[in-house]
Every structure is written in structure tokens, then in C-alpha cells.
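[1] Below is the sequence, then the predicted model.
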Amino acid sequence: MTAMSRCAGATSWVRWIPGRSEAASGRLMPGTTRSPNPICIRIGRTLSGVVWIRVGFAPDVHRPSGARRRTMTDLTAPLTGNHRATVRPDGTRVIDTHVHVWALDDKPGHQPAAGAKIAWPKGPAPVEWLIGDMDGYGIAHSVLVQSSAFGWDNTYVIECLEAHPGRFAGIGLVDPESPTNAADLRHWMARGLAGVRFHPLFYDRDERGAWWVDAPENDALWEVARETGAILQFHMWPRHGEALARMIARHPGVRVIIDHIGKPDVTEASPHASFDPILRLADFPGVHAKIGDYQIASKQGYPWPDTHAFVTKLVGAFGADRMMWGTGFPGSGRLVPLADALAYVEKDLPLTAAQRHSILWETPAHLFGFTG
């Protein structure tokens, strides 16, 4: 027999196929039982009304112990953008500060951008899939980060924020080389974004490099960030840290996030001198650091032990009260199971319980304004 159920909080239906053992890592969230039918057919609807079908392994979805099975009442319940505040079975609360979602259809803002600095995606990654992951693991909130493949049009992220008020925050993109980027930032902040992201490391391929990081031409952009409270997020190599420090010094009070553990060179011998420009950014109280992209930085498998020393350095420099965690969903189809991404912070890194609470909840909740 098979069963049909609706993913909690998601605009999707799942047909569970029995007879398979738990997929991926097999790691269980405390207080959960194994999902007995981890292969599913997902049928859903994007925000623009396009119907999608996805067949494959269930995305690490576990059912809380003692939870009732869904009934036909559940199946016919109306689909809404509201959500119930999510607390995990062990009482902890989690915010994923780095996820990507996109639609691939004919609606404006739903197509990859010409000239994008990363490859176009081969398929959609709608917010409904993300919600299924979040609800399966008790993740209360996520920060939607505009994919570079879709350029400067942040429309889909805005649509997701509007469809699910209170559950998400949004980080968009504006062109760091555009003379209108200050006005562009003001426009997107008025639409509901929390800030924007920049990719200095992508511009190292260009003749001029990431010249714009500390360019006077972008002082107006930073001033708008200060006025609007926009968060400026940087995906960069450690060598970009000195230029960024100069810009931050000119614009005190602007909140900044350094992505992906600062992109360390894990092959460098201790004391990892090339990483120092990232650590020196901790001198500015408005700068925060994100634990993410660990599987890319690492040259080893889970639990990516060659990254641990760099996270420890970040905690020592910034303090856990200026750090956060993110998964990078969908991560090329969740190459890193969500269970492993959580265990990396909750079990594998040398962190205290108070530090984990700050990284997984308190810091991002304060920075992005999440409540409940």
C-alpha cells in the first residue's frame, strides 16, 4: 500500500513509497523516529501557479515521536502562507541563515539572468521544497538569499516573503558596479528585503578585480545601507578583508555579514596567516560571521574536521553572539544531508551549549528581527 499526505506547511503533496530504509546519513533528530517510507513523489504548485512534480528520496524528513498520522482532514485543509512557531522536540530553536530558492517559469523575475557569474540551475528549487525540509527538522525560520544565477531581479524572494509572512527574511542582490546601486538598494529595501549580498570572489576573474569593495563610487550605497538598516553580506576570499575593512571604517554602524567561514584555505599550515584579514574584521562591532559552505571549504568528508580550527578562530574573534549558521539549501540537491549540517554545529564543533544557542537562534533572531 501507499499513503498520500500533504507536507506540513508546504504547498505540496507527497506520495510515500514503502519498503526502503532511511536514506542519506541515517542520523535522527532527537525525539524523532525514522520515516518508514523515504521515497516520495512530490506534486506541488509554485507561487506563480506552475505545477511541479519531483520523484526521489524524501529530503531527510522525520516524524516527531508520537505524532499522529495525517488524516483526510489534513489532506483537504486549505493551503496558507501562515505557519506555527517551530520548536524542536529537544526544546531548541533553529534559524537557517543561508538558503536559496528559485522558480523556473515564464513569470517576470523567474528566469536566470544573462551574464550570470555562476551556472544556470538545471531545475527549480521552489520555496515549497524548502518548507518541507524546515518542517521536517523543526527549523523555525530561514533567510532566503538570492541566487547569483538570477542576477539583480529579486522578485521571487520578495514573493516568498509576502506569501509566508514572518517565516523568512530576504537577502537580495544589487550590482556593485552600477551607478544606480544606491537607489536600487533603497528600492529593494522598501519592497521588504533585509539587505543585499556581494560576491567579491567572482570578480577576481575580471581584469579590474573586485575594485568596487572600497571604491568611493559606492559610498552612497553604504550610506543608504546605514539609513535603511540594510545588512550587507559578503562572499569573499580572506584577501578581500583589508579593502572591506577600509569601507567599514568609513561607514560605521552598517551591519555586515561575512559568508561561509570567510572562505579559508584549509590546506594552509597553522597559524593560518592568510585568514587574519577575516579575523581583523571582528574589530568592527557591526560585523558578523556565518558558518556555512563547510563541505566546499573542506578537503575531507563529514564532519569536515579541517574546517573546525577556522570556526574556532571565528568564535574566538567575533564571539558566538556575532555568529550564525546556514546550510546553502538546496545545495545541488542536498549533497549534505540536513542532519549532518545540523550535527556539525550541534555535536561536532567544540562549542558550548550557550554558544550553540547564540549561533543557531539568538544572533540571527536579533539581526533579522525574527520572533516566535
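    Thanks, I have the structure now. As the structure is a computational prediction, the values presented were derived from the model and not from experiment.
[2] how close does residue 197 sit to residue 184?
    13 Å (CB to CB, to the nearest Å). Where C-beta positions appear, they are placed from N, C-alpha and C, glycine not excepted.
[3] repeat for residue 335
    In this view, residue 335 and residue 184 are 33 Å apart by CB to CB.
[4] More neighbours: which of the two?
    residue 184 (19 against 12; other CB atoms under 10 Å).
[5] sec struct for that one, please.
    helix (DSSP: H, G, I helix; E, B strand; the rest coil).
[6] ok, now residue 172?
    Applying three-state DSSP: residue 172 is strand.
[7] Neighbours of the closest residue to it other than its chain neighbours, how many?
    In space, residue 172 comes closest to residue 154 once its chain neighbours are excluded; the distance is 3.5 Å by CB to CB, 6 or more residues apart in numbering. Residue 154 has 25 neighbouring residues, counting by other CB under 10 Å.
[8] Isn't residue 154 up against residue 184?
    No. Applying CB atoms under 8 Å as the test, residue 154 and residue 184 come out as separate, 9.7 Å apart.
[9] got a pLDDT number for residue 38?
    If you check residue 38, the pLDDT there is 40.
[10] typed the wrong thing, it's residue 118
    89.
[11] My assumption is that it lies in a strand; please confirm.
    No. Under three-state DSSP, residue 118 falls outside any strand and is assigned coil.
[12] which non-adjacent residue is nearest it?
    residue 148 is the one closest to residue 118 (CB to CB, 6+ apart), at 4.7 Å.
[13] Can you give me every residue that contacts that neighbour?
    116, 117, 118, 173, 199, 202 (CB atoms under 8 Å, 6 or more residues apart in numbering).
[14] who's in contact with the first one?
    Think residue 116. 148, 149, 150, 151.
[15] Give me the pLDDT for the second one.
    This means residue 149. With respect to pLDDT, residue 149 has a value of 95.
[16] and it, that's in a helix?
    Yes. Membership of residue 149 in a helix is supported by three-state DSSP.
[17] what number of residues lie near it?
    16.
[18] from the chain's centre, how far out does the helix or strand residue 201 falls within sit?
    According to DSSP states H and E, residue 201 maps onto helix 200-203. Centre-to-centre, helix 200-203 and its host chain are 19 Å apart (CA atoms, centre = their mean, to the nearest Å).
[19] Now do the very next helix or strand once past that helix: distance to the chain's middle.
    Sequence order places helix 219-228 as the next helix or strand after helix 200-203, per DSSP H and E. Mean-position distance between helix 219-228 and its chain equals 24 Å (CA atoms, centre = their mean).
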